[in-house]
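Student: Structure of the sequence below:
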Amino acid sequence: MTKRIRRAAAKHAARLRAALGRAAPAAAVVSIVAALWSVAAAAPAGGTSSQAVLPLTPSVPLTSAAFRGTPAVGALFTTSAGKLGAHFCTASVVHSAAGNLLVTAAHCVSSYSSTSPADLAFVPGYDDGAAPYGVWAVTRIFVDADWVSTADPDDDVAFLVVSQGGASTRIEDLTGAEHLGISRATAGVDRVIGYPGNRNKPVSCQNRLIALSPTQLQFNCANFTDGTSGGPFLVSIQPGTGDGTVIGVIGGYQAGGYSPDISYAARFGPNIAALAAAAAAGS
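Tutor: You can find the predicted model right below:
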């Protein structure tokens, strides 16, 4: 473990202990965070070294385009009496030991209880009314303490735990999952996916990221309207599955952007690493 990783892990161990909601030994928490960072830093792009990644080039024109979707990305819906209502944000499945975690923007779920969210569901691969991988209830929400207290744009990220009735199948086994990319460089082209609230099909676009600040990413592409918040910024995409490495979600500065032509995301750094570890431990 490098000194840089150990120092950063120690700095953010307190956040993880608070998120876990119980007294965890400081040394153990540091080890959890440092291990997560080490794996994220050491893992090859896309999570494996044997698979080629999809070459990405900027979209022409630079505007979002509808497509049939990808299994690990879906829409967040309100529900009532067990029936789907409107979809209002985007989320994606991220790899975890329990196989039941999503990542989205914290501002998408601010009005829901973190420990017993009601009337909130995720539909992976949602496409024009079809739910090819079923409907999954959100059972727990993890957000950073700084988001709760100050709505800090650098913490506009949430992890959600999902389940499906009494089924034993894990969502990740059905849809695959994105890998979590911590402190990834912005070089290269990435793909952003989202579900506009006024459409029933997902949209995507590809372009080079801009470092708006050390903690915020900027993506320029037209027509990412309301509902795309929480959509993943993906790099190192596997051609066979569509799964990749998510390095941010639409949110952060200006809650993701006041203009549909410019989207922002909080860069996944040590605060998000700690939050992810807490969510994995509590799922």
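Student: all strands in the stretch 1-150 of the chain, in order from the N-terminus.
Tutor: Assigned by DSSP state E, counting those that start in this stretch, the strands in the stretch 1-150 of the chain fall at 65-66, 73-80, 83-94, 101-104, 120-124, 136-143.
Student: Most tightly packed of those strands?
Tutor: Among those, strand 101-104 has the highest mean neighbour count (mean count of other CB atoms under 10 Å), at a mean of 28. Every residue, glycine included, has its C-beta placed from N, CA and C.
Student: check contacts around the residue nearest to the spatial centre of the chain.
Tutor: Closest residue to the average C-alpha location of the chain: Val103 at 3.0 Å, with CA atoms, centre = their mean. Neighbour list for Val103: 91-92, 94, 157-160, 178, 180, 230, 232, 246, 249 [criterion: CB atoms under 8 Å, 6 or more residues apart in numbering].
Student: Leu212 too?
Tutor: Applying CB under 8 Å, 6+ apart to Leu212 gives the contacts 218, 253, 264.
Student: can you count the residues close to the last one?
Tutor: As a burial measure, Tyr264 scores 24 neighbours (other CB atoms under 10 Å).
Student: Start at 26, not 1
Tutor: Let's use 26 as the start, then, which means that last one is Tyr289.
Student: My reading is that it is in a strand; is that accurate?
Tutor: Yes. The assignment for Tyr289 is a strand, going by DSSP: H, G, I helix; E, B strand; the rest coil.
Student: Name the nearest residue to it, sequence neighbours excluded.
Tutor: Tyr278 (4.2 Å; CB to CB, 6 or more residues apart in numbering).
Student: I figured that neighbour hits Gln241, correct?
Tutor: Yes. Tyr278 is in contact with Gln241 according to CB atoms under 8 Å; the separation is 4.9 Å.
Student: Need the residues touching each of these two.
Tutor: 178, 289, 291.
Student: Can you tell me which of these is nearest Thr140?
Tutor: Comparing the shared contacts of Tyr278 and Gln241 against Thr140 with CB to CB places Ala291 closest, at 23.3 Å.
Student: Can you give me the distance of that closest one to Val173?
Tutor: 15 Å (CB to CB, to the nearest Å).
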